[in-house]
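Undergrad: Provided below are the primary sequence and the corresponding predicted coordinates.
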Amino acid sequence: MDLDKAIVGKIVINGEHFELLLDPDKAYAYLEGSKKDINNILVIEEVYKNAKKGERQSPSNIKKAFGTTDINIILKTILDKGEIQLTTEQRRKMIEKKRKQIIDFLARNCMDGQTNLPIPPLRIENAMQNIKYNIDPFKPVEQQAKEILEHLRKILPIKMASVIIQIKVPSDVAYKVYGYIKSLNPIKLEETQDGLIAQIEILAGIQGEVYDRLNKMTNGKVESKLLKVKE
């Protein structure tokens, strides 16, 4: 492709700059998940100190920083851990995707500290509009979610927690839910003449999801009880 259309992928290691010239569309496809390999992302097999000026990085600095001079390993490191110079539209799309992932993470991992109930994603989304936080398309979801949580605590009774719940299912429908309960790695699972009793630790925000599934599988023949909140 035309070098003028290439974008820069870069990373700083031990104070040294390492830059690559990348195909914008293929790099974006990899970053947003639709492209699973790194084939054809690199425009030219050269590691630069300053790509715009054409200043090449020294082999010794490359070896010291990455432990190798293999261009594919360097490329994957920069794609996974570095900063990619996306187009404005690509960046907007990635920020929007990351924002949704952060909301989902918070909704699954957090609860209302006053009611001990899950907080709907829409409530978290609306609250996020009232805080000052610039979502970074390259920073991990969990890291940003925890940073955002500190801001949300000022306007929402939100806390990150897991819960231990007790589930009782009568014997006539116990077989329907046994496999599902086992998949949740129960703390305690006991089969009695009356049915099945289990204690399970789950993320605070998925209580409703678990209860709904158990109710559907048993036609409502399930008893559930919140035993403990673990922050």
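TA: Received, thanks.
Undergrad: What would stretch 68-82 look like as PDB? C-alpha coordinates only.
TA: Extracted C-alpha coordinates of stretch 68-82, given in PDB (Å, rounded to 0.1, in the frame of the first residue of the first chain):
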ATOM      1  CA  THR A  68      14.500 -10.600  20.000                       C
ATOM      2  CA  THR A  69      14.700  -8.900  16.600                       C
ATOM      3  CA  ASP A  70      11.800 -11.000  15.200                       C
ATOM      4  CA  ILE A  71       9.600  -8.400  13.500                       C
ATOM      5  CA  ASN A  72       6.500 -10.500  14.000                       C
ATOM      6  CA  ILE A  73       7.000 -10.600  17.800                       C
ATOM      7  CA  ILE A  74       7.700  -6.900  17.900                       C
ATOM      8  CA  LEU A  75       4.600  -6.200  15.800                       C
ATOM      9  CA  LYS A  76       2.400  -8.300  18.100                       C
ATOM     10  CA  THR A  77       3.800  -6.600  21.200                       C
ATOM     11  CA  ILE A  78       3.100  -3.100  19.800                       C
ATOM     12  CA  LEU A  79      -0.400  -4.100  18.700                       C
ATOM     13  CA  ASP A  80      -1.200  -5.700  22.100                       C
ATOM     14  CA  LYS A  81       0.600  -3.300  24.400                       C
ATOM     15  CA  GLY A  82       1.500  -0.200  22.400                       C
END
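Undergrad: All further residue positions should be reported with the first residue as 151.
TA: Sure, I'll start numbering at 151, so the last one becomes stretch 218-232.
Undergrad: Show me what that stretch is in contact with.
TA: Defining contact as C-beta atoms under 8 Å, 6 or more residues apart in numbering, one finds that stretch 218-232 is touched by 159-161, 168, 170, 177, 180-181, 188, 191-192, 195, 197, 209, 212-213, 216, 234, 288. To be clear about C-beta, it is placed using only N, CA and C from the backbone, and glycine gets the same treatment.
Undergrad: Now restrict those to buried residues only.
TA: 159-161, 168, 170, 177, 180-181, 188, 191-192, 197, 212, 216, 234 (16 or more other C-beta atoms under 10 Å).
Undergrad: Now, these that are in helices?
TA: Among these, the residues falling in helices (DSSP state H) are 177, 180-181, 212, 216.
Undergrad: Could you pick out the longest helix of the chain?
TA: Determined from DSSP H, the single longest helix within the chain is helix 238-259.
Undergrad: How far off centre is whichever helix or strand comes after it?
TA: Per DSSP states H and E, the first helix or strand lying C-terminal to helix 238-259 is strand 260-262. The chain centre lies 18 Å from the centre of strand 260-262; the measure is C-alpha atoms, centre = their mean, to the nearest Å.
Undergrad: Can you name every helix or strand that strand 260-262 contacts?
TA: Secondary-structure packing of strand 260-262 (3 or more C-beta pairs under 8 Å, 6 or more residues apart in numbering; DSSP states H and E): strand 308-310.
Undergrad: could you measure the residue nearest the centre of the chain against D173, distance?
TA: Centroid check for the chain by C-alpha atoms, centre = their mean gives V291 as the closest residue, at 4.3 Å. Separation of V291 from D173 (C-beta to C-beta, to the nearest Å): 26 Å.
Undergrad: I'd like the average pLDDT over the longest helix of the chain.
TA: The average of the pLDDT scores along helix 238-259 is 94.
Undergrad: contacting residues around the residue at the greatest distance from the centre of the chain?
TA: Seen from the C-alpha centroid of the chain, the residue lying at the greatest distance (C-alpha atoms, centre = their mean) is Q343, 42.2 Å away. With contact set as C-beta under 8 Å, 6+ apart, Q343 has these partners: S321.
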